[in-house]
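K.L.:
Using only what follows, build the 3D model:
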Amino acid sequence: MESLQSVMLGIIQGLTEFLPVSSSGHLVLLQNLFGIREPELLFDISLHLGTLLAVFIVFYKEILRILQALLRLPALIKSSGNLKSVFADNVEIRIFALILIGSIPTAILGILFHKIADQIFGAVWIVGVMLLVTGTLLWFTRQISNEGRPLIKVSIRDALMIGLIQGMAIMPGISRSGATISMALFLGMNREIAGRYSFLLSIPAILGALILGLNSTIIQTDIPGKIILLGTVIAAIVGYIALKILLRMVKQGHLYYFAPYCWLLGAATLIFSLST
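P.N.:
Okay, here's the model as predicted:
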């Protein structure tokens, strides 16, 4: 892998990790175009680390408030009388609990099926089908109004449903951000809350995927360290920009703008896979 390929893959990862068009699907397609038949797992992990850094930068104030609330949790329980009251009244504790709850189905699916996902990671036709699915999910968000439920009214059931569809994004071609934000909107959540919750929920999911990847038997790579670092930095910078753009588009109700792109790329991918 050369520097140009590293930069290109970093840009693609930064854009597609947050824009609802599937980062894993795009990486599979690019790897096939470059003739890389076996996924370079360590490089993929590094790119995801770069985009995870972008999430921390964008949401650092909210993450800091959550950590501060957790440190004050014993005092909050004492003043409120019980943990249930704290969950009902404190926004930071509530979103932390919802992140934990939403991560449960994601973790279960990730542990059960990550080996199967690794085996089919290079199956181009699956990427095509899943991109069509992603586009359809995005398209159905176009008529959802902004007057959704605030965070304080987001339930445990909502978190489990969003976590479940996040777990399904292990399939290349299913956009994690597109699937989770769409599900949140379908469940009646406020647009801004849907976007925020989706990306805060992504933190344990990405960390878990990195841990699973580091335990893989194909973690070895011949790619030079400076090439890996270059791709990681590019992914972080581009990811930061893409995340800010997407949050604005979700708030404006324009998530469905990405549906035609997913449909076109999915159809083109299926045609390409059938002709080779």
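K.L.:
going forward, measure contacts and count neighbours with C-alpha atoms only.
P.N.:
Will do.
K.L.:
middle-most residue in the chain, spatially?
P.N.:
residue 176 (3.9 Å; Cα atoms, centre = their mean).
K.L.:
now it, nearest residue through space, not along the chain?
P.N.:
Distances taken as Cα to Cα, 6 or more residues apart in numbering put residue 169 closest to residue 176, at 5.1 Å, once the chain neighbours are dropped.
K.L.:
quick one: the one you found and residue 179 touch, right?
P.N.:
Yes: using Cα atoms under 8 Å as the test, residue 169 is close enough to residue 179 to be in contact (7.4 Å).
K.L.:
Would you work out how far apart the start and end of stretch 249-263 are?
P.N.:
End-to-end distance for stretch 249-263, by Cα to Cα, to the nearest Å: 19 Å.
K.L.:
For the residue nearest to residue 176, list the residues it contacts.
P.N.:
Residues near residue 169 by Cα atoms under 8 Å, 6 or more residues apart in numbering: 175-176, 179.
K.L.:
now, which of those residues lie within helices?
P.N.:
Members of the contacts of residue 169 lying in helices (criterion: DSSP state H): 176, 179.
K.L.:
Redo the contacts of residue 169 as a markdown table? Include pLDDT.
P.N.:
Output for the contacts of residue 169, formatted as a markdown table (pLDDT from 0 to 100):
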| residue | pLDDT |
| --- | --- |
| 175 | 92 |
| 176 | 91 |
| 179 | 95 |
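K.L.:
Toward the C-terminus, what is the element adjacent to the worst-scoring helix or strand of the chain on mean pLDDT?
P.N.:
Across the helices and strands of the chain, mean confidence by mean pLDDT, DSSP states H and E is lowest for helix 23-33: a mean of 73. Next along the chain after helix 23-33, taking DSSP states H and E as the criterion, comes helix 41-58.
K.L.:
list the buried ones in that next one?
P.N.:
Neighbour-count burial for helix 41-58, with 16 or more other Cα atoms under 10 Å as criterion, is recorded at 41-56.
K.L.:
Point out the other helices and strands that the strand or helix carrying residue 199 packs with.
P.N.:
Element membership of residue 199 [criterion: DSSP H and E] is helix 191-214. Helices and strands touching helix 191-214, by 3 or more Cα pairs under 8 Å, 6 or more residues apart in numbering; DSSP states H and E, are helix 41-58, helix 91-119, helix 176-186, helix 225-252.
K.L.:
Now do the first one: distance to the chain's middle.
P.N.:
Going back to what we said before, that points to helix 41-58. Taking Cα atoms, centre = their mean, to the nearest Å, one finds helix 41-58 lying 11 Å from the centre of the chain it belongs to.
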